[in-house]
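Engineer: pasting a predicted model and its sequence here:
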Number of protein chains: 2
Amino acid sequence: MLAIGQLSAETGTKVPTIRYYEDIGLLPQPERTAGNQRRYGKRQVDRLRFIRHCRDLGFPLSDIRALLDLSDDPDRSCASADTIARHQLREVERRLASLASLRQELCRMIDQCAGGTVADCHVIESLADHAHCIADRHMTPAPMEQHVDPPRRDPA
Amino acid sequence: MLAIGQLSAETGTKVPTIRYYEDIGLLPQPERTAGNQRRYGKRQVDRLRFIRHCRDLGFPLSDIRALLDLSDDPDRSCASADTIARHQLREVERRLASLASLRQELCRMIDQCAGGTVADCHVIESLADHAHCIADRHMTPAPMEQHVDPPRRDPA
DNA sequence: ATGGGACCTCCAGTAACTGGAGGTTCAAGG
DNA sequence: CCTTGAACCTCCAGTTACTGGAGGTCCCAT
């Protein structure tokens, strides 16, 4: 049985974040000691690792919740799991494409930055200029979702 | 001179977001009509497009602010712009690797999900299991981040 | 001159955490 | 057995980057 701090160390998740996940029902309420401290078993460790892995890949908690709900009810038809998984796959592929083009652009920016002054720095120039940016694609139409959440800073 | 709604349409930025950028000092206070409505010129359009482009590429506003401050003072060295871009590139590559492995796992899940019940889907198992996941690298205790930006949040 | 759409400010809410205050519990050392 | 201090508890406020609504004002085409 792990205390919350050990679970934290084990999974690279900050302690308040674990409690937060419990608050919003992503993690079930764990056992408690006589003195009211949380104690976690292996299942919880796996579940938290799963959540963190998904979060790290940029999935919103709502999607993660859908996956978890599904796996909490193992008698459900596989069809819905399949649907969700396929949806996730499409999302992943979309993000992959988008990141690949971003990578290209960043590389080009860095290559062009020859170390002079800002006046002739192409990093800023190329960020102001949209002409050759593939990423423009997903600014032009008006899709439902534009809040792609920004990359999380690494946990220290 | 554009009204805020036209600037919004022009740049694909929601109206409240434009006002928010003004509040936090990313956009300067624009001219106003006699009746107190905002009017924007071409420079502002460019600046907003720059901001949106950066956001779209995943830069946090603090980095964008740094970039803008930098470009407002073009005699400075471009080294810090380069640093920011390199930092973004590392992050992007990390996410690319992670997503590629998730894609593989999702494909495997979908292949295995041949119409039974969720119990046989191994959703949790495959995502909780890091054995073959490249993303593990940065879950292990590797404190290497020293990027701290000052929490200056005052407008004007 | 008027009507309705676009604009104004202010405030509250969202996701997904993060951190601090003030108090309690656990377990190792004396 | 008792002390001590690190780790735990709850509650609450703050963070980033927006988003939306209420209630009121302005602009301009008819």
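Structural biologist: Ah, there it is.

Engineer: poorly predicted segments of chain A, please.
Structural biologist: A:74-81, A:114-119, A:124, A:126-156 (pLDDT under 70).

Engineer: let's see it at 50
Structural biologist: A:131-156 (pLDDT under 50).

Engineer: ok and the residue in it nearest DNA strand D?
Structural biologist: Closest approach between chain A and DNA strand D, counting by CB to the nearest atom of the strand: residue A:5, at 2.4 Å. C-beta coordinates here come from the backbone N, C-alpha and C atoms, glycine included.

Engineer: I'd say that residue and residue A:14 touch.
Structural biologist: No. Applying CB atoms under 8 Å, one finds residue A:5 not in contact with residue A:14, separated by 10.3 Å.

Engineer: for residue A:30, grab the count of nearby residues.
Structural biologist: Using other CB atoms under 10 Å in any protein chain shown, the number of residues around residue A:30 comes to 17.

Engineer: can you report how many residues lie near the residue nearest to it when sequence neighbours are not counted?
Structural biologist: Using CB to CB, 6 or more residues apart in numbering or on different chains and skipping the chain neighbours, the partner closest in space to residue A:30 is residue A:38 (4.6 Å). Residue A:38 is flanked by 21 other residues according to other CB under 10 Å.

Engineer: I'd say residue A:38 and residue A:1 touch.
Structural biologist: No. Judged on CB under 8 Å, residue A:38 makes no contact with residue A:1 at a distance of 9.6 Å.

Engineer: measure the spatially most central residue of chain A to residue B:67 for me?
Structural biologist: Per CA atoms, centre = their mean, the C-alpha nearest to the average position across chain A is that of residue A:58, at 2.2 Å. Note on residue A:58: its distance to residue B:67, by CB to CB, to the nearest Å, is 23 Å.

Engineer: just residue A:13 next, same as before
Structural biologist: Distance from residue A:13 to residue B:67, by CB to CB: 32 Å.

Engineer: can you list the domains in chain A?
Structural biologist: Following automatic domain parsing, one gets these domains for chain A: A:4-57, A:78-138.

Engineer: can I get the ones you listed in CSV including distance to residue B:53?
Structural biologist: Formatted as CSV, these follow (distance: least, CB to CB, whole Å):
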stretch, distance to residue B:53
domain A:4-57, 24
domain A:78-138, 6
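
Engineer: what does chain A put close to DNA strand C?
Structural biologist: A:14, A:16-17, A:20, A:33-37, A:55, A:60-62, A:149, A:152, A:155 (CB under 7 Å from any atom of the strand).

Engineer: and those residues, which two are furthest apart?
Structural biologist: A:34 and A:149 (40.2 Å; CB to CB).

Engineer: out of the two, which sits in the more crowded spot?
Structural biologist: residue A:149 (10 against 5).

Engineer: next step: the residues of chain A next to DNA strand C restricted to helices.
Structural biologist: Within the residues of chain A next to DNA strand C, residues falling in helices by DSSP state H are A:16, A:17, A:20, A:55, A:61, A:62.

Engineer: before we move on, the earlier item: for the residue of chain A closest to DNA strand D, which non-adjacent residue is closest in space?
Structural biologist: Nearest to residue A:5 is residue A:15, by CB to CB, 6+ apart, at 6.3 Å.
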